[in-house]
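**Student:** Sequence and predicted structure below; questions after.
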Amino acid sequence: MNVNKRILARSMLGLAAAAALMGTAWAQETLKIGLLATLEGPFAVPGQDSMRGADLALKQKNGMAGGKKIEFIKLSSDATPDKAVAATRKAVEQDKVPIMIGPLSGDEGIAVKNYAKTQPGVTFINGSSGAQATTLSDPSPNFYRFNTEGAQWMVGLGEHALGKGYKKVFLVAEDYGFPYSQVQGFMASYCAKGGKVVDKAWVPLGTKDYASVIARMPKDIDAVLVVLGGSDAVNFLTQYEQAGGNKPMIGGSITVDQTVLNFKGKRRESLLGTASAGPMADSIDTPEWKKFVADYKAAFKDGFPSPSLFAYLYYINTKATLDALDAVKGDLSNGHKAYREALQKTNFMGPAGTVKIDANRNGVGTTYITEVTKAADGSFYNKVVKTVPDISQTLGLPEADFKKMGLGSRDVPDCRK
Amino acid sequence: MSAAYWRRAMNTAPARTAAAPRPAEAATDAHARSDAPRRLSFLGLRLSVRHVFVLLGVLIYPFVASPFFTYQIGAQSLALGLIALSLTLLAGYGGMVSLAQMSVAGMAGYLVAIFGASTATAISLSWPWWLAVALAIVLAVVFATLIGWLSVRTEGIYTIMITLAIGVAFFYLAQQNYTLFNGHLGFNQVFPPSVWGIDFRTPVPFYYLTLACALAGYWFVKLLVRAPFGVALQGIRDNPRRMYALGYHVTAHRVAAYAVAGLLAAVGGVLITWYNNRVSPGSMGVGVMINILVIAVLGGVKHPIGAFLGAIVFVLLQNFAIDLVDRERFNLVIGGVFLAIVLFSPDGLLGLWALLRARLPAGTATSSNQRRQA
């Protein structure tokens, strides 16, 4: 017993010494980068996949960037802004990271951007958050977002819906920032080209009972615009079917995902042709996308069958971060001056289109319009029917016109009649 | 335990009629010593050596700690501790476990944002900070009183349920009301004021602000539980029927306890809102409500210091558990530590401490206590 204890004590001492030695040996060559995603709460599963996306970008560079070994300091939040800022503050002030990647969701992004203003010496790169206000109103000069956001993801869907003959639609959407942006992206062009959104039903996140919403729907609409996510979308669909609804659907960027495509109800066939839009799609037919999916599958045996939206967004943001480090050979001197110039000049072919940013440091990118289609084996998937390249944050409008419309909210934009 | 406690409390009340506490009783009870009135007296409180040590420790702390430790660990623990202290007062001295203390704090935070300045310019009135804070605290106390008025007629688990229901209802109200609470987004950029050239947004001044409030709250509770009101409250906790027979208005006392606890929670709520620079429904959701209960139970509800001890352990774990184990399993460490503490010591950290002190010689035990509390 006593001997055992002594051995244990010695081996622990040895381990500690080894760890200390390794620490000092790597001190000159290791660069720490903070990586924040939601490993707790409602977005825990997407959060894990986000980490995979970032890990993949680093793995493709063999863990090195700018001549230094890169070490991720991984952090977690539960999708609340408070927690996101607390985790970011820990990485920046306690772990002293010079570069910070994250967060995952929209409201977190706004809070981290506000915190970024108090830390001008640190460079912040977005993870996958997509709130318009992060870079549109009061942006922070050290906060970069290489992905496009919720409103940009829906550009082009409005014209597509009109092309299918949907002149009047009824909106059902969750009542928070992300769907506001999505709806604005859809309505900006849809309303301008003569479409009408006759009424909007904003439901709280996690709504189970849609009876009152379904009862409110007018009879003379052509389609229902559904901007709900995950279980909310399935609940709505089931209840709409039970109530005898038969209008076609138009979906938001996270509405028609696998949970909805696996919907087993009688109206399953009616899902065929449902249009939606997003910054990526499972069936993009380019060598870049196929390589990305193959790399993802090879690297993560426990991952999804195909990388999720979040893995993709974290991947491009991390890749931009590391590429810019390479470009300046790891030089972060002079308040990251050279590094930030390199970030601003970022322009590479990502898995789903070009990755570059505008003067507000927000992504300008491609949107994919998809429709639900039946594959040869009978399963449903989202087929790409159209790509819309180079979408700016002002949704293709001149900046003055966009400012006049304002950011998306419950009442903006409006085209009832 | 509780009967002895009550008896002792009665003995040390200002209108002293009975004899001084029996020495045998004081020696057997771990907490009795801190109640024995033979120390230096200050504002009606006895200052012992260990109080001085703790006080010096928390005063010097920001000069030895980094800004991160000052702000995120120190200030956050003190603000959360203040909210948990309100629960300690209700649960430990009043026997009423209210989950709605975080809702009171959230209400105060919301009111500061509504009366003061924030990014939601359509709602925020941008009144001077002192007016906003005063109004917020007064209205939050009214809110706490209403909660108390609704829930005092229930006992035990039903009190927990009704306060949980009130808290959840308030959460959904804030989440879905856009005219007053600004819905899901809440209020951003609610900053602490600059007064006399001191910017309370910076870590060290903010730390001292929370410290001042926390110390005031701590002393207030210590005084209150020995004042006639506090003594009657403990009597009501132990035997409400007897107190009723003695001529006390049991319901009024309980409602008053909710109001007093509401004051502490409201101050804590204003501080935590300033700490986060924002308030939203998520700031007072079910998870956060439970966190306050966890903090109070973790530290121990038998003594006001327990709330702050619990808050320190809680905040440290929340920040550093992720460094200890696998990124995806760090919540297991947090849960494991909480379980272990509650399992091995039903009285929380204070109970553990009492257990240790019973085992160790008196001298060593006291010094380790000072370190713990500093």
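**Tutor:** Received the coordinates, thanks. Numbers count the residues shown, from 1 in each chain, chains lettered A, B, ... in the order given.

**Student:** The residue of the stretch 51-200 of chain B at minimum distance from chain A sits in which helix or strand?
**Tutor:** Proximity of the stretch 51-200 of chain B to chain A (CB to the nearest CB) peaks at residue B:68, 3.6 Å away. Heads up, the C-betas are built off the backbone N, CA and C, glycines and all. Under the criterion of DSSP states H and E, residue B:68 resides in helix B:67-68.

**Student:** right, and the helix or strand after the helix or strand encompassing residue A:355?
**Tutor:** Assigned by DSSP H and E, residue A:355 belongs to strand A:353-357. Using DSSP H and E, the next helix or strand after strand A:353-357 towards the C-terminus is strand A:363-374.

**Student:** Compute the distance from the centre of the helix or strand following that following strand to the centre of its chain.
**Tutor:** Next helix or strand after strand A:363-374 toward the C-terminus (DSSP H and E): strand A:380-391. On the basis of CA atoms, centre = their mean, to the nearest Å, strand A:380-391 sits 17 Å off its chain's mean C-alpha point.

**Student:** Likewise for stretch B:60-72?
**Tutor:** In terms of CA atoms, centre = their mean, the centre of stretch B:60-72 is found 21 Å from the chain centre.

**Student:** The stretch 251-374 of chain B against chain A: which residues are in contact?
**Tutor:** Within the stretch 251-374 of chain B, the positions lying close to chain A (CB under 8 Å from any CB of the partner chain) are B:276-278, B:280, B:282-283, B:287, B:318-319, B:322, B:327-328, B:330-331.

**Student:** Can you tell me the closest non-neighbouring residue to residue A:78?
**Tutor:** Of all residues not flanking residue A:78 in the chain, residue A:41 sits nearest, at 3.3 Å (CB to CB, 6 or more residues apart in numbering or on different chains).

**Student:** How many residues are close by the one you found?
**Tutor:** Residue A:41: 16 surrounding residues under other CB atoms under 10 Å in any protein chain shown.

**Student:** what's the answer for the one 10 residues further on, then?
**Tutor:** For residue A:51, the neighbour count with other CB under 10 Å is 25.

**Student:** for residue B:65, same thing?
**Tutor:** 16.

**Student:** In the stretch 101-250 of chain A, which residue sits closest to chain B?
**Tutor:** residue A:176 (4.1 Å).

**Student:** In contact with that residue: list those residues for me.
**Tutor:** By CB atoms under 8 Å, 6 or more residues apart in numbering or on different chains, the residues touching residue A:176 are A:106-107, A:205, B:183-185.

**Student:** who in the stretch 101-250 of chain B is up against chain A?
**Tutor:** B:172, B:175-176, B:178, B:183-185, B:188-189.

**Student:** Got a ChimeraX select line for the buried ones in the residues you listed?
**Tutor:** The following ChimeraX line selects those of those that are buried, judged by 16 or more other CB atoms under 10 Å in any protein chain shown:
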select /B:175,178,183,184,185,188,189
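
**Student:** Of the residues of the stretch 101-250 of chain B next to chain A, which belong to strands?
**Tutor:** In strands, judged by DSSP state E, the following of these are found: residue B:188.

**Student:** Helices - which of the residues of the stretch 101-250 of chain B next to chain A land there?
**Tutor:** In helices, judged by DSSP state H, the following of those are found: B:172, B:175-176.

**Student:** How about the contacts made by the residue nearest to residue A:151 when sequence neighbours are not counted?
**Tutor:** Distances taken as CB to CB, 6+ apart put residue A:185 closest to residue A:151, at 3.6 Å, once the chain neighbours are dropped. By CB under 8 Å, 6+ apart, the contact set of residue A:185 is A:150-155, A:157, A:395, A:408.

**Student:** ditto for residue B:89
**Tutor:** Residue B:89 sits next to B:221, B:224-225, B:257, B:260-261, B:264, B:304 when contact means CB under 8 Å, 6+ apart.

**Student:** Over to residue A:203?
**Tutor:** Residue A:203 makes contacts with A:172-175, A:210, A:213, A:228, A:232, as judged by CB under 8 Å, 6+ apart.

**Student:** Same question for residue A:414.
**Tutor:** Counting by CB under 8 Å, 6+ apart, residue A:414 touches residue A:197.

**Student:** repeat that with 7 Å
**Tutor:** Contacts for residue A:414 (CB atoms under 7 Å, 6 or more residues apart in numbering or on different chains) come out as none.

**Student:** Look at it and give its secondary structure.
**Tutor:** coil (DSSP: H, G, I helix; E, B strand; the rest coil).

**Student:** Look up how far residue A:405 lies from it.
**Tutor:** Going from residue A:414 to residue A:405 by CB to CB, to the nearest Å gives 10 Å.

**Student:** try residue A:57
**Tutor:** 35 Å.

**Student:** Between these two, which has more neighbouring residues?
**Tutor:** Each of residue A:57 and residue A:405 has its neighbours counted (other CB under 10 Å); residue A:57 has more, 23 against 17.

**Student:** Just to confirm, what confidence does the model report for that one?
**Tutor:** We have a pLDDT of 93 for residue A:57.

**Student:** Mind telling me what element it is part of?
**Tutor:** Going by DSSP H and E, residue A:57 is in helix A:44-59.

**Student:** partner strands of the helix or strand that comes right after that helix, parallel or antiparallel?
**Tutor:** Helices and strands here follow DSSP H and E; after helix A:44-59, the next one along the chain is strand A:64-65. Partners of strand A:64-65 in the sheet, by DSSP bridges, are strand A:68-76 (antiparallel).

**Student:** correct me, but residue B:221 touches residue B:85?
**Tutor:** Yes: the criterion here is CB atoms under 7 Å, and residue B:221 meets it with residue B:85 at 6.2 Å.

**Student:** out of the two, which sits in the more crowded spot?
**Tutor:** Neighbours per residue (other CB under 10 Å) separate residue B:221 from residue B:85, with residue B:85 holding more: 33 against 24.

**Student:** tell me the contacts of that one?
**Tutor:** By CB under 7 Å, 6+ apart, the contact set of residue B:85 is B:217-218, B:221, B:264, B:304, B:307.

**Student:** rerun at 6 Å
**Tutor:** Residues near residue B:85 by CB atoms under 6 Å, 6 or more residues apart in numbering or on different chains: B:217, B:264, B:304, B:307.

**Student:** That one: which element?
**Tutor:** Using DSSP H and E, residue B:85 sits within helix B:76-88.

**Student:** Quick one: residues contacting the residue of chain A found nearest chain B.
**Tutor:** Closest residue of chain A to chain B, CB to the nearest CB: residue A:93 (3.6 Å). Applying CB under 6 Å, 6+ apart, we find residue A:93 in contact with residue B:68.

**Student:** Can you show me the strands along the stretch 1-150 of chain B?
**Tutor:** With strands called from DSSP state E, counting those that start in this stretch, the stretch 1-150 of chain B shows them at B:40-42, B:45-47.

**Student:** State the distance from the residue most central in space within chain A to residue A:352.
**Tutor:** For chain A, the residue whose C-alpha lies nearest the mean C-alpha position (CA atoms, centre = their mean) is residue A:128; its distance is 3.6 Å. Distance of residue A:128 to residue A:352, computed by CB to CB: 13 Å.

**Student:** swap in residue B:199?
**Tutor:** Using CB to CB, one obtains 45 Å as the distance from residue B:199 to residue A:352.

**Student:** Lovely, talk soon.
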